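Asker: The following comprises the amino acid sequence and a computationally predicted model.
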Amino acid sequence: MEGTPPRILVLLPAYQEERSIGGLVGSLRERYPYDVLVVNDGSTDRTSEAAREAGATVLDLPCNLGIGGAVQTGFLYARDRGYGVVVRIDGDGQHEIEDIAKVLDPILAGRADAVIGSRFLGETEYRGSIPRIFGIRFFRFLVNLTTGYRVTDPTSGFFAINRRLVGFYSDHYPSDYPEVDAYILMHRLKARTVEVPVRMYDRAEGKSSITAFRAVYYMVKVTLSYLINCIRRFA
Amino acid sequence: MNRITLLSICASAGFLLYILEMVRRRKLREEYSILWLAGSVVILVLSLKQTWLVGIAHAVGIVYPPSFLFLVGILFILLILIHFSIAISKLHQMNKKMAQEIALMKEKGMDGASGDPSIGP
């Protein structure tokens, strides 16, 4: 155990979120004493300026890397600057920031290496579209079958991880739907994971980046990459 | 089982395993392996299920069923090439963007080491 409490970084990947990011960063800074990092994934709107004006540190990627690449950039930053815990939430206001405390708790108590916020635990107001729910169920089946975890929300992008996982993800982080793949990585690392109930809302602004055709492609790609991660060696 | 069937089964199965091994060793990214895998699975299945191959070949008016395998192979190769052309174009675009960003950063005196000068370590 370390004597001093770990430094905590809140990481928000953002792509074309000029309308929500400023307010979100503002409320985070008001509510929590943690540093806020926005990774701007090559937005062409005012995402970067809005985040900076609201008091976040901003990393501007020169081109769009996709969600996995953007989040991994944040992990690299956290590793280099010696943060002990990273909380990752969406930059579009879908995640209830009041629940950050709940996601942090088990990590700060040393009971978990990763805490994932689930929209399906406890009372839920979440109403996703049918394909989305189908995708979530499919990945839930896949993850629970192969890891023995009892996961309810395998695509949740609301999670906190400790230094060990930050270091690992800095080197190995999947690109599309990284959260599903991350489960097999955590399983292979024998990481202790906990799910806690969190609130998620439908998108306030902007559009989800997933269209129907892409959804099928991602299902295939993520499943392939997941299954291969089951038999990969991690040095 | 005739010799061409055996050859086609061995070749497509071997190919399939080779691609999977390349992905496992991270020499090939998943997104670039999907078409290769799909192509070899289709050819493998058609080689194993002779009746399907003959059925489809006759349905589209091909007299010699194994040539339908060539057709499938060529179609997949075309798809893969188009996919690569698109991927290369995207990489070209990103590469240009990156070079330009670096040039602008150098001019500002932010070339690497210190990162954003306003943030302490």
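Answerer: Thanks, I have the structure now. Numbering: from 1, shown residues only, chains lettered A, B, ... in the order given.

Asker: could you give me the average pLDDT of stretch A:177-197?
Answerer: The average pLDDT for stretch A:177-197 rounds to 92.

Asker: Kindly format the C-alpha coordinates of that stretch as PDB.
Answerer: Extracted as PDB, the C-alpha positions of stretch A:177-197 are listed here (Å, rounded to 0.1, in the frame of the first residue of the first chain):
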ATOM      1  CA  TYR A 177     -15.500  -1.400 -29.000                       C
ATOM      2  CA  PRO A 178     -12.400  -1.700 -26.900                       C
ATOM      3  CA  GLU A 179     -14.400  -2.400 -23.700                       C
ATOM      4  CA  VAL A 180     -15.500  -5.800 -24.900                       C
ATOM      5  CA  ASP A 181     -12.000  -6.800 -25.800                       C
ATOM      6  CA  ALA A 182     -10.700  -5.300 -22.600                       C
ATOM      7  CA  TYR A 183     -12.600  -8.000 -20.600                       C
ATOM      8  CA  ILE A 184     -10.500 -10.800 -22.100                       C
ATOM      9  CA  LEU A 185      -7.300  -8.800 -21.500                       C
ATOM     10  CA  MET A 186      -8.300  -8.300 -17.900                       C
ATOM     11  CA  HIS A 187      -9.200 -11.900 -17.500                       C
ATOM     12  CA  ARG A 188      -5.800 -12.900 -19.000                       C
ATOM     13  CA  LEU A 189      -4.100 -10.500 -16.500                       C
ATOM     14  CA  LYS A 190      -6.100 -12.000 -13.700                       C
ATOM     15  CA  ALA A 191      -7.400  -8.500 -12.900                       C
ATOM     16  CA  ARG A 192     -10.100  -8.100 -10.300                       C
ATOM     17  CA  THR A 193     -13.100  -6.500 -11.900                       C
ATOM     18  CA  VAL A 194     -16.300  -5.200 -10.200                       C
ATOM     19  CA  GLU A 195     -19.400  -3.800 -11.800                       C
ATOM     20  CA  VAL A 196     -21.400  -1.100 -10.100                       C
ATOM     21  CA  PRO A 197     -24.700   0.400 -11.100                       C
END
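
Asker: hmm, that stretch touching chain B?
Answerer: No. Stretch A:177-197 does not reach chain B (C-beta under 8 Å from any C-beta of the partner chain); its nearest approach is 9.6 Å. All C-beta atoms are positioned from the backbone trio N, CA, C, and that covers glycine.

Asker: how close does residue B:92 sit to residue B:98?
Answerer: 11 Å (C-beta to C-beta, to the nearest Å).

Asker: do the same with residue B:67
Answerer: 46 Å.

Asker: Equivalent analysis for residue A:83, please.
Answerer: As judged by C-beta to C-beta, residue A:83 and residue B:98 stand 27 Å apart.
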